[in-house]
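Novice: Give me a model of this one.
(chains A and B)
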There are 2 protein chains.
Amino acid sequence: MKKFKILAKDGKARVGQLETPHGVIETPNFNPVGTQGSVKALGPRELKEIGVQIILGNTYHLMLRPGIDLIKKFGGLHKFINWDKPIMTDSGGFQVFSLGIALEHGNSKVLREDEGELEADNFKKRPRLNKITEDGVIFQSHLDGSRHVLTPEKSIQIQRDLGADLIVAFDDHESAKHTKAEMEKSLELTEKWGLRSLKEYKERKGVNVNHPEGVNVATPLLYGVVHGGTHKDLRIRSAQFTDENFEAIAIGGIYGDHQQLCQIIEWVNQATSEEKPRHLLGIGEVQDLFNGIERGMDFFDCVAPTRRARFGSLYISPKNGGSRKNSFTINIRQSGYISDKKPIDPGCLCYTCQNFSRAYLRHLYIAGEILYHQLATYHNIYFITKLVGNIRQAIKNGEFKRMKNEYIGR
Amino acid sequence: MKKFKILAKDGKARVGQLETPHGVIETPNFNPVGTQGSVKALGPRELKEIGVQIILGNTYHLMLRPGIDLIKKFGGLHKFINWDKPIMTDSGGFQVFSLGIALEHGNSKVLREDEGELEADNFKKRPRLNKITEDGVIFQSHLDGSRHVLTPEKSIQIQRDLGADLIVAFDDHESAKHTKAEMEKSLELTEKWGLRSLKEYKERKGVNVNHPEGVNVATPLLYGVVHGGTHKDLRIRSAQFTDENFEAIAIGGIYGDHQQLCQIIEWVNQATSEEKPRHLLGIGEVQDLFNGIERGMDFFDCVAPTRRARFGSLYISPKNGGSRKNSFTINIRQSGYISDKKPIDPGCLCYTCQNFSRAYLRHLYIAGEILYHQLATYHNIYFITKLVGNIRQAIKNGEFKRMKNEYIGR
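Specialist: Okay, here's the model as predicted:
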């Protein structure tokens, strides 16, 4: 029986279902990011109430803290964090890449996330903390400088030990500063690492991971990752390679601007089998969700909703002024909201909008109250979760284009 | 009809009910502190789920931020923060006192709370920010240095504008460094201010506060505050004065150590009418709850449960090792909890203990995750709320002494 079923189509946009060891996920869907074993400011109870069907955990962060051995002792990540629905993990490839050339260029997302900056521009340049070899990546923890190694085999082992439902092959990551020749070299490494990931995955397939609690960890779905930057030939080569070897297709790497991202998706989806699930790694802004789904993507993950919430950036619908220009957000810090009795997004049915005013949220933000983070993040995750749910309905009704037009125009 | 009814007694400990404009409160009870319009890290939904019957807001903090005019526009504090159960406000007296001599001595709780220090010892000494006159207190905001005035009349007006159910007369505050003569002078000021507070209260009694939304704010109960430090004669004089003039008795000021606090409570309660509700201001540690209730106190408020949670200090019952010595707490930061699968307080029925391990909470704390604060604070507020609930039951059953003995010994 096939794990992924396509149930309806509207142009290239499609509605499907992916069966995982922890239940079925409706697609298209969005994975909130729970980097360190928690979707920032929300517990599993709130996530379920919102209707979140899957969350993403980061291999890199979890292996450093609290460590895989500890999570194994608890019978896997689901039990450790008390989340019984599907979990996806990434390979760690992007994060260990971020400790290299991205650090040198002062643009490392790993450190940026931890140090709480919204914009990367003012981030200090630092010496790199990684060394990439054919075998894998040796790196120093951004937390304490301790030395670690990630190889394709190790990445798969960790993701299996975590007990994730969807896992990702270990990949090298091209840089926007790479020449095409360098990108090609990086792609070759990704292909070699992809095959080694696949081999490790197959050898452990069907094997119950040796959790001390005797937990039966069912076999997850393995994504291969398509790289190649903004180069058509590299993307198509990588897409074909991934399609030949993997049951599920993830797109990663350098995307360029919104328009280039659309092109990349088109190239990749044309070169891969239609019946496989497709994940666009690290993407989740409203505009990109529409563009990706329109071109046949099924899954997205992104820190945008949680990260935006922490900095006062809260989603609003088109009927309340949300548009591409403002990224469908208001900034609650602005003085215009001081005495605004409206909810964040009038008409929104989330707990926050049903119970609290913009003025109160602004007060909580300005006063540095922790409650702000819960209420703001709740709304942002709700907004994106309902958005993809409404998009699924629109696809079923043959109204995807109309809905997209309402949000971001043609 | 009397607002306060005593329903059962066990020695001097008593169970009662206090009727307020926003519902009945069972006593003895504990007010979690929502300084700036939020009980730190918990929303109204969580507070109700826990069974919290009343919260306390701080006049000083709310008048500075977001300001009383804004809260009036929303129809009062209940509506602004979406809490429809009783609210108590304090007079602001203690906070404006904290901006004076306490600042000079490097021991201001107002600043300490804001700057996130658990212990006051290492707090820097600063020039005072207040000036106390017979009329009232002129002070500078600890937030931005702006100048403000609090008088007895203004304090009552603000508390009425906030729409609180229980309010407190404006009081001067003695310092532990005061001579007895200085304390007597402070007490005289408290008495004068108490009478002016009472006059303002009576003049506004029955008058619907002029909320722009036309909200009918029912008349709150006004507490007078007993001062006098650890001096028996001053405490008795202040208790008699307060009993003569006020319907409800609050104890404030300098308490000394745990034993001196017990003495003060005994002096005051002997000198005041038994049928009036009695509030012990700023007190809420487990040991003091038992000692206070044993001597006939009905209400307590304290930042201890929320503040402790923020610093990893989580309540445990005697059966799990809680005692006077450890203040009935474990410190979740300790490495002994790294892989501890038990909940914070095994047997506790709170959401946190039913769903999460000490190991996960420790991980969230160490990783700086916001979710830690919600889960930890939830447990601490639940613990204290259930504790006073169980004490009420024990009093009804004539088992208060047995329960007290189980917790803190004879």
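Novice: For the host helix or strand of A:Glu200, buried residues please.
Specialist: Secondary structure from DSSP states H and E places A:Glu200 in helix A:180-204. For helix A:180-204, burial by neighbour count (16 or more other C-beta atoms under 10 Å in any protein chain shown) applies to A:183-184, A:186-187, A:189-191, A:193-194, A:196-198, A:200-201, A:204. Every residue, glycine included, has its C-beta placed from N, CA and C.
Novice: closest to B:Asn269 among those?
Specialist: Nearest to B:Asn269, judged by C-beta to C-beta, of the buried residues of helix A:180-204 is A:Arg204 at 70.0 Å.
Novice: Disregarding flanking residues, what is the spatial nearest neighbour of the closest one?
Specialist: Nearest non-adjacent residue to A:Arg204, counting by C-beta to C-beta, 6 or more residues apart in numbering or on different chains: A:Arg160, 5.5 Å away.
Novice: for the helix or strand containing that neighbour, packing partners?
Specialist: For A:Arg160, the host element (DSSP H and E) is helix A:152-162. If you count contacts as 3 or more C-beta pairs under 8 Å, 6 or more residues apart in numbering or on different chains; DSSP states H and E, helix A:152-162 packs onto helix A:59-64, helix A:68-73, strand A:87-89, strand A:166-168, helix A:180-204.
Novice: need these in CSV with mean pLDDT, can you?
Specialist: Output for these, formatted as CSV (pLDDT from 0 to 100):
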stretch, mean pLDDT
helix A:59-64, 96
helix A:68-73, 96
strand A:87-89, 98
strand A:166-168, 98
helix A:180-204, 96
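Novice: Same list as before, those that is, but in JSON lines and with distance to A:Gly252 included.
Specialist: Listed next are those as JSON lines, based on distance: least, C-beta to C-beta, whole Å:
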{"stretch": "helix A:59-64", "distance to A:Gly252": "14"}
{"stretch": "helix A:68-73", "distance to A:Gly252": "23"}
{"stretch": "strand A:87-89", "distance to A:Gly252": "13"}
{"stretch": "strand A:166-168", "distance to A:Gly252": "8"}
{"stretch": "helix A:180-204", "distance to A:Gly252": "9"}
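Novice: follow-up on the earlier one: next, count neighbours for the residue nearest to A:Arg204.
Specialist: Summarising burial for A:Arg160: neighbours were counted as other C-beta atoms under 10 Å in any protein chain shown, giving 23.
Novice: swap in A:His279?
Specialist: Count around A:His279 with other C-beta under 10 Å applied: 27.
Novice: Work out for me the element it sits within.
Specialist: Short version, using DSSP H and E: A:His279 is in strand A:278-280.
Novice: quick one: the strands in the stretch 301-410 of chain A?
Specialist: Assigned by DSSP state E, counting those that start in this stretch, the strands in the stretch 301-410 of chain A fall at A:313-315, A:329-331.
Novice: Please identify the most buried of those.
Specialist: Highest mean neighbour count among those (mean count of other C-beta atoms under 10 Å in any protein chain shown): strand A:313-315, with a mean of 25.
Novice: Touching it from outside, list them.
Specialist: Here strand A:313-315 makes contact (C-beta atoms under 8 Å, 6 or more residues apart in numbering or on different chains) with A:286, A:305, A:308, A:322, A:327-332, A:344-345, A:361, A:376, A:379-380, A:383-384.
Novice: how about a cut-off of 6 Å?
Specialist: A:Phe328, A:Thr329, A:Ile330, A:Asn331, A:Ile332, A:Ile344, A:Ala376, A:His379, A:Asn380, A:Phe383 (C-beta atoms under 6 Å, 6 or more residues apart in numbering or on different chains).
Novice: Adding pLDDT and distance to chain B, write the residues you listed out as TSV.
Specialist: TSV is the format used below for those (pLDDT from 0 to 100; distance: C-beta to the nearest C-beta, whole Å):
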residue	pLDDT	distance to chain B
A:Phe328	98	23
A:Thr329	98	20
A:Ile330	98	18
A:Asn331	98	17
A:Ile332	98	13
A:Ile344	98	14
A:Ala376	98	11
A:His379	98	13
A:Asn380	98	14
A:Phe383	98	18
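Novice: May I see the buried residues of the helix holding A:Arg160?
Specialist: For helix A:152-162, the buried set under the neighbour-count rule, 16+ other C-beta under 10 Å, comprises A:Pro152, A:Glu153, A:Lys154, A:Ser155, A:Ile156, A:Gln157, A:Ile158, A:Gln159, A:Arg160, A:Asp161, A:Leu162.
Novice: pLDDT (mean, whole number) over it?
Specialist: Taken as a whole, helix A:152-162 has an average pLDDT of 97.
Novice: Enumerate the positions of stretch A:324-333 that are buried.
Specialist: Buried, per 16+ other C-beta under 10 Å, within stretch A:324-333: A:Phe328, A:Thr329, A:Ile330, A:Ile332.
Novice: what's the residue closest to the geometric middle of chain A?
Specialist: The C-alpha lying nearest the average C-alpha coordinate of chain A belongs to A:Asp301 (C-alpha atoms, centre = their mean; 2.3 Å).
Novice: and it, what is it in contact with?
Specialist: Contact partners of A:Asp301, counting by C-beta under 6 Å, 6+ apart, are A:Asn31, A:Val33, A:Leu56.
Novice: ok, and which of those residues reach chain B?
Specialist: Among these, no residue is within reach of chain B (C-beta under 6 Å from any C-beta of the partner chain).
Novice: Closest one of those residues to chain B?
Specialist: A:Val33 (12.6 Å; C-beta to the nearest C-beta).
Novice: ok, the closest one to A:Asn58 distance?
Specialist: 7 Å (C-beta to C-beta, to the nearest Å).
Novice: Those two: which is more packed in?
Specialist: Ranked by neighbour count (other C-beta under 10 Å), A:Val33 and A:Asn58 place A:Val33 first, with 24 against 21.
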